[in-house]
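Asks: sequence and predicted structure below; questions after.
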Amino acid sequence: MEFNRRSSAKGIRVGRTIAEKRERLETKSERAAARNKDKRKKACRIIITIVGFATIIVALLGLYFAFRNAETELAVINSGSQTAKPTIEVIDEGSTSAGEHLSSRMIDFINQVSSYLRELGVTPTKVVVPMGSIRQVNFYLDGYTGFVKTTIDRGAGVTAEDTERLLRYLAELGVSDFEYLDVRLDGKAYYK
C-alpha cells in the first residue's frame, strides 16, 4: 500500500487542478497598466479616424472648388463668346449680311486667330467665308496680296503660328507675292 500512496501523491499537485495548471493571478498594477494601454490604443484609433475623415473632407472641398472655378471660367468664356462680334471686317460670300449669321464657334475662331496674328506681328485686314463653306475661313493680311486658307477645326494658336512661320519662310526664299497660303492641315503648309 505504501507504493500506492507514493504514486498517487506524486501524480497530484498541490494547489492545482487535475486537468490543467493553475492560472497565474494578475496584480492590480498589471490590470491598471493593461487598461491604460487599451485606453491609449482606443484614443489613437479615434484620432487616426478623425484625421482620416478630415483629410477626405479637405480633398473633396478642394475638388469641389476646383470644378466650381472651372465652371465659372467656362461660363465667362461662353457668355463672352455669345455677345462677341468679330473684331475685323467679315465678308460671308454665302449670305447677304456681313457675318451676322456666323456660328459662335466661327466668330470665336476669327477673333482668336486675329488676336494671335497681331501678337506675332501680322495684321489681318479682313476675313472672307467662302460660299458653301461651313468650316473654311480666309484671312487677308496687311501688306500681302494673297490670303490665308484656314479651317475652324484646327486650333487658333496653331493656325496663327503656322501662318507666321510660312510667311517667314517665304520671305527667306524671296517670295513676296502669292495667291494664297494654305495652313488647314497639321504639319503641312502650301502656297501658290
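Replies: Done, it's in.

Asks: the nearest residue to residue 93 once chain neighbours are set aside: what secondary structure?
Replies: Spatial nearest neighbour of residue 93, chain neighbours left out: residue 131 (4.2 Å); criterion: C-beta to C-beta, 6 or more residues apart in numbering. All C-beta atoms are positioned from the backbone trio N, CA, C, and that covers glycine. Here residue 131 is coil, with the state taken from DSSP: H, G, I helix; E, B strand; the rest coil.

Asks: what's the burial count for residue 131?
Replies: 9 (other C-beta atoms under 10 Å).

Asks: quick one, phi/psi of it?
Replies: phi -60, psi 140 (degrees, to the nearest 10).

Asks: ok, it to residue 138 distance?
Replies: 11 Å (C-beta to C-beta, to the nearest Å).

Asks: please enumerate the strands of the chain.
Replies: Along the chain, counting by DSSP state E, strands occupy 89-92, 124-129, 136-141, 147-151, 180-182, 190-191.

Asks: shaky segments in this structure?
Replies: Residues of the chain meeting the criterion pLDDT under 70: 1-24, 73-84, 95-100.

Asks: just to revisit the earlier point, quick check: the residue nearest to residue 93 touching residue 91?
Replies: No. Applying C-beta atoms under 8 Å, one finds residue 131 not in contact with residue 91, separated by 10.6 Å.

Asks: that older thread, would you mind finding the most buried of the strands of the chain?
Replies: Mean neighbour count, computed with mean count of other C-beta atoms under 10 Å, is highest for strand 147-151 among the strands of the chain, reaching a mean of 22.

Asks: just how off-centre is it within its chain?
Replies: What separates the centre of strand 147-151 from the centre of its chain is 31 Å, taken as C-alpha atoms, centre = their mean, to the nearest Å.
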